[in-house]
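[1] Coordinates only, no sequence provided:
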């Protein structure tokens, strides 16, 4: 029996008689043979590995919580579910923010080393700078999750931040009569944070009776929410609504408000953005904007696989829908559900 015949059986090709195929499979089972995936990928001139790059930073007051951790976990699940039918693994790597901003040569060298181990990279929001990523995309296929649409060198999957924030602010003002809104934003270098901040300001400006009570800049971690509330409590006027740019900051804000004896939502409404599972478990449950985090990972990975298969294809940008999820932290009754 030739090695070519065995190879055709192992790879599921049709040009083998049924009796021969059965004999080959019996021998494979008896020997406990497992194909060498590394050798197979070398023969196909691919590594058959996708990289996922993200930024992670520990909050100052804890060894556990990380900025944006819940978001990245869901994106990873989406990437894994897309690769699973192919049998391709994911190589995950995380950078500290001080190595992910500015003109950092170490960060680019690290990206170069990682790119040598994979066929393409899914890069999550918050990683930069653009100059380094542009050089990287010239060498290897890149897909950005929540990247800026103006980036010309990569496929991009994002969400409709504007519609989500607009629906949230309208709900607070029109349904609950909130007029003094405090905004807790994310990192200014993150495209999603920029879009949410702009959408908040533009929507608020449409209402004559409502105004900005103040704003804070956070890092998408719960500790940022706690710090924002401390800033609010030191301000001359306490707002009647706190709009947080993600759920983790909203969770931290509710914890800090509770410690200060301020009732949510009786004294102040608090809202988030993401719709992570923990938000629904809070007391009160968190009103938020749902974004399809797992689908972001799935679509980014699919675009990347398409790019690997066809490097010259036109660049693609996808924007996924969001929806308002109304719970009790804004002042609505329990089990209000999607708006």
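    Alright, I've got the coordinates. The model shown is predicted, which means the values in this text are computed figures rather than measured ones.

[2] so which helix or strand takes in residue 214?
    Using DSSP states H and E, residue 214 sits within strand 211-217.

[3] Residue 243 now?
    Secondary-structure element containing residue 243, defined by DSSP H and E: strand 241-244.

[4] Averaged pLDDT, whatever helix or strand comes next after that strand. What do you get?
    Downstream of strand 241-244, the next assigned helix or strand under DSSP H and E is helix 247-259. Regarding helix 247-259, the rounded mean pLDDT is 96.

[5] For helix 247-259, what is the distance to the chain centroid?
    Taking the mean C-alpha point of helix 247-259 and that of its whole chain, the gap between them comes to 21 Å (C-alpha atoms, centre = their mean, to the nearest Å).

[6] Just the buried positions in that helix, please.
    In terms of neighbour count (16 or more other C-beta atoms under 10 Å), helix 247-259 has its buried residues at 247, 248, 249, 250, 251, 252, 253, 254, 255, 256, 257. Bear in mind the C-beta positions are built from the backbone N, C-alpha and C, glycine included.

[7] and after it, which helix or strand comes next?
    Taking DSSP H and E as the definition, the helix or strand right after helix 247-259 is strand 269-271.

[8] If you count contacts, what does the next helix or strand after that following strand end up packed against?
    Of the helices and strands lying after strand 269-271 in sequence (DSSP H and E), the nearest is helix 277-281. Judged by 3 or more C-beta pairs under 8 Å, 6 or more residues apart in numbering; DSSP states H and E, helix 277-281 is in contact with helix 247-259.

[9] picking up where we left off before, the strand holding residue 243 pairs with which strands?
    Paired neighbours of strand 241-244 in the sheet (DSSP bridges): strand 180-185 (parallel), strand 269-271 (parallel).

[10] any idea which of those is most buried?
    The densest packing among those, expressed as mean neighbour count by mean count of other C-beta atoms under 10 Å, is seen in strand 269-271 with a mean of 28.

[11] ok now that one, how far from the chain's centre?
    Its chain's C-alpha centre and that of strand 269-271 lie 22 Å apart, by C-alpha atoms, centre = their mean.

[12] Now do the contacts for residue 328.
    265, 284, 285, 287, 334, 336 (C-beta atoms under 8 Å, 6 or more residues apart in numbering).

[13] mind giving me the domain ranges of the chain?
    Per automatic domain parsing, the domain ranges recorded for the chain read 3-35, 50-159+292-320, 161-291+324-338.
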